[in-house]
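need a structure here:
(4 chains)
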Protein chains: 2
Amino acid sequence: MKKKLTLKQIARELDVSVSTVSKALRDSVEISEDTRHKIKAFAKLYNYKPNNIALSLKNRRTKTIGVLIPEIIHHFFTTVISGIEQVANEKGYHVIICVSNNSFDKEVVNMEILANGSTDGFIISVAKETQQKGDYHHLQEVIEQGMPLVMFDRVIDEINCDKVIIDDVIGARKAVQHLINANCKNIALLSTIDYVSVGKLRTQGYLEALNENNIVINENLILKIEDYDNSEHEIKEFLKGKKIDGLFAVNEHFAIYAINAFTAQGLKVPDDVSVVGFTNGELSKLFIPSLTTVNQHGAEIGAQAARLLIKKLESKEGEEDAFETIIVETGLIQRNSTKN
Amino acid sequence: MKKKLTLKQIARELDVSVSTVSKALRDSVEISEDTRHKIKAFAKLYNYKPNNIALSLKNRRTKTIGVLIPEIIHHFFTTVISGIEQVANEKGYHVIICVSNNSFDKEVVNMEILANGSTDGFIISVAKETQQKGDYHHLQEVIEQGMPLVMFDRVIDEINCDKVIIDDVIGARKAVQHLINANCKNIALLSTIDYVSVGKLRTQGYLEALNENNIVINENLILKIEDYDNSEHEIKEFLKGKKIDGLFAVNEHFAIYAINAFTAQGLKVPDDVSVVGFTNGELSKLFIPSLTTVNQHGAEIGAQAARLLIKKLESKEGEEDAFETIIVETGLIQRNSTKN
DNA sequence: AACAGGACCGAAAACGTTTTCGTGTTGAAA
DNA sequence: TTTCAACACGAAAACGTTTTCGGTCCTGTT
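Residues are numbered from 1 along each chain as shown, chains lettered A, B, ... in the order given. Below you'll find the predicted structure:
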């Protein structure tokens, strides 16, 4: 087992000082061409690579960015990550991902660990529980320590930092408008409870679209779901015996469950009822009927977030710009679950 | 902006030495109860947390494990990761994830970077390109440096290390046997080209099942796909005009594409033709008809891999056990794409 | 001959820890 | 009074780098 080569070993081997080796490898003019060549040849031969940990300690920067997400088994987050990865790698950063499983405590612990030297900055979408509790001290703390923080997707208005969001309200409005254009009169909404910011905003978009078109809002057609795990059953029950010809769901799953429920009732999608979802996952594409949906451009969100963070990281002390909020536009992908 | 508190600052503040502070915080008996209390109170008050980088440098271990996967937008890998995360976190490790995008070069670079101090060991599923090239020097190197390595899913026989795999052959055989039991006579196979190890093994299982049941193998019913992106079209063409009453696909997507192709031909699944897939993703569950499929238990694979790695990491020098290969059993989930 | 200045290199500090070893003070035993 | 442990603490090395500051030559100029 050959251990990793260090500067010290090279120095001893070639009978020079550690400083000389370091300088030679970094092409300092202080070192004669002769010794520089000798050292570099030796280093190359034995495949010397500097120790990142030592570098991090010295430079007080790790060149890695920490990503905190609530869950990883979720197509949207994986697309965001891949956007982050791409930009980060281009700029010579790497990425640590931590998953909170939507637990507040785990989010706090993860942040604390990463903040203690492992990471130069954060990209985070907060856990559901965090939004619910409204306790953001861990976010405040890392900011106070001078670590840049970029929030995406589930952002918190009270926190002053860079943000990347989508126009949830407009996206939802587009979706519902599409249903209205398809001549739907009784449009149902499947949303989440309000403390999840996206649920709230998409609900707002739904309401605005109806208002704009002078359609009276029927509270009976709105379902706010708390328990994901039981949502399939809940949706089935909710849709029973309701006169509905259009439905907007704030995510993919709810939309699929709704379609299945309709089908079970003998209704045809999109002939009898049109359905629009949110988030363009695999499911939307491959399901039959394929799902008309609001596309969130996850990779773009991730890329923008990474760009914002790196910009902050690389700005000189004191000359940081003010915080930005980038809004990534949503698009409506028309497929076979709606008439047009 | 209050910078992170260090031992040195505490020492200066309380007028003791750095060593005293360190010892006090670690409850050394060397330090009098008085000063110990004083120091701990101060540290707690100002929320002292040791710097991980410095600790890593000192201890020459980072307490993080590196995970290298070919792609992240893939349900199977995300389940594996979540299994790894869970076990790792339980044991006080955290996890760095790097994605190779199936590129050999990126895999090599990622390993090199992580190997230089960022990580104590690796869990890896190699890139497709790596399997194709057969160049494993980067794996050999980290092993020679004494870093434990656990491979999963796409493993390489030539490399001597811990492995976690599923019984691809048996899984495939189960799937095909299920089709045979459902009275299928002409069973097609949608696989990948052979250098992808899982494709090869699952193909083998298919062949074995047919042989066991004395069914002659019809090469015309076997399609080996190279280009994922064009697979939908390729499958559609392949299935045209073939007399088929059963189909086994080595992944979810191929199975869905096949079902769509059959449907387009006017065939009913499962009445006219039964279909079995591999990998239990969201799609399989929610597609209509829902897909009978071989369940890979991704989380279990991840958990086992993490356990193996940590065991190696925490074994004393020299007393490591031999390398293990854990086989995680597959299960067949029967749904509506097959008769029974 | 004296000196300036450049070329080349090494010592040491620094990053934030932990740990080994030493040292001074105390109190008690001899 | 001397001696010796026990006690409480500090100095310093170590992990692997980078960088500043000197230091030693040598060369060429007055």
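
quick one: residues contacting residue A:242.
Taking CB atoms under 8 Å, 6 or more residues apart in numbering or on different chains, we find residue A:242 in contact with A:186, A:188, A:220, A:221. All C-beta spots, glycine's among them, are computed from the backbone N, C-alpha and C.

between the residues you listed, which is nearest residue B:261?
Taking CB to CB as the measure, residue B:261 lies nearest residue A:188 of the contacts of residue A:242, at 33.3 Å.

any idea how far the residue lying closest to residue A:27 once chain neighbours are set aside lies from chain B?
Nearest residue to residue A:27, sequence neighbours excluded (CB to CB, 6 or more residues apart in numbering or on different chains): residue A:36, at 7.2 Å. The gap separating residue A:36 from chain B is 22 Å, by CB to the nearest CB, to the nearest Å.

do the host helix or strand of residue A:36 and DNA strand D come into contact?
Using DSSP states H and E, residue A:36 falls within helix A:33-45. No - remark: helix A:33-45 sits outside contact range of DNA strand D, by CB under 7 Å from any atom of the strand, the gap being at least 9.8 Å.

quick one: neighbours of the residue of the stretch 151-300 of chain A at minimum distance from DNA strand C, just the number.
Closest to DNA strand C within the stretch 151-300 of chain A is residue A:161: 23.6 Å, counting by CB to the nearest atom of the strand. If you count neighbours by other CB atoms under 10 Å in any protein chain shown, residue A:161 ends up with 22.

relative to residue A:141, how far out is the nearest residue to it once chain neighbours are set aside?
Residue nearest to residue A:161 in three dimensions, not counting chain neighbours: residue A:149, with 4.6 Å by CB to CB, 6+ apart. Note on residue A:149: its distance to residue A:141, by CB to CB, to the nearest Å, is 10 Å.

hang on, the earlier thing: tell me the phi and psi of the residue of the stretch 151-300 of chain A closest to DNA strand C?
The phi/psi pair for residue A:161 (degrees, to the nearest 10) reads phi -160, psi 180.

give me the helices and strands touching the helix holding residue A:36, please.
helix A:7-14, helix A:18-25 (3 or more CB pairs under 8 Å, 6 or more residues apart in numbering or on different chains; DSSP states H and E).

who wins for proximity to residue A:314 among those?
The nearest among the helices and strands packed on helix A:33-45, by CB to CB, is helix A:18-25 at 23.7 Å.

in that closest one, what's buried?
A:20, A:21, A:22, A:23, A:24, A:25 (16 or more other CB atoms under 10 Å in any protein chain shown).

those residues: which ones sit near DNA strand C?
residue A:20.

and the buried residues of helix A:18-25, which two are the farthest apart?
A:20 and A:25, at 9.6 Å, using CB to CB across the buried residues of helix A:18-25.

what residues do those two have in common as contacts?
Going by CB under 8 Å, 6+ apart, residues that sit against residue A:20 and also against residue A:25 are residue A:39.

anything in the helix or strand that residue A:191 is a member of near chain B?
Here residue A:191, judged by DSSP H and E, is contained in strand A:187-192. No - using CB under 8 Å from any CB of the partner chain, strand A:187-192 stays clear of chain B, coming no nearer than 15.2 Å.

what do you get for stretch A:287-306?
Yes - legend: contact between stretch A:287-306 and chain B by CB under 8 Å from any CB is shown at A:287, A:288.

how distant is that stretch from the center of its chain?
Distance of stretch A:287-306 from its chain centroid, counting by CA atoms, centre = their mean, to the nearest Å, is 11 Å.

give the buried residues for that stretch.
Those would be A:287-306, for stretch A:287-306 by 16+ other CB under 10 Å.

now stretch A:238-250
A:238, A:239, A:244, A:245, A:246, A:247, A:248, A:249, A:250.

where in the stretch 201-340 of chain A is pLDDT low?
Within the stretch 201-340 of chain A, the stretches with pLDDT under 70 are A:316-320.

ranges for the strands of it?
Along the stretch 201-340 of chain A, the segments classed as strands by DSSP state E, counting those that start in this stretch run A:222-225, A:246-249, A:274-278, A:292-295, A:325-328, A:331-333.

what does the stretch 1-150 of chain A give?
Counting by DSSP E, counting those that start in this stretch, the strands of the stretch 1-150 of chain A are A:64-69, A:94-99, A:121-124, A:149-152.

make CSV from those and add mean pLDDT and mean neighbour count to it.
Converted to CSV, the strands of the stretch 1-150 of chain A look like this (pLDDT from 0 to 100; neighbours: other CB atoms under 10 Å in any protein chain shown):
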stretch, mean pLDDT, mean neighbour count
strand A:64-69, 94, 26
strand A:94-99, 87, 24
strand A:121-124, 97, 27
strand A:149-152, 97, 26
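
share the number of residues neighbouring residue A:157, please.
9.

which stretch of helix or strand covers it?
Counting by DSSP H and E, residue A:157 is part of no helix or strand.

that's all I had, so thanks and see you.
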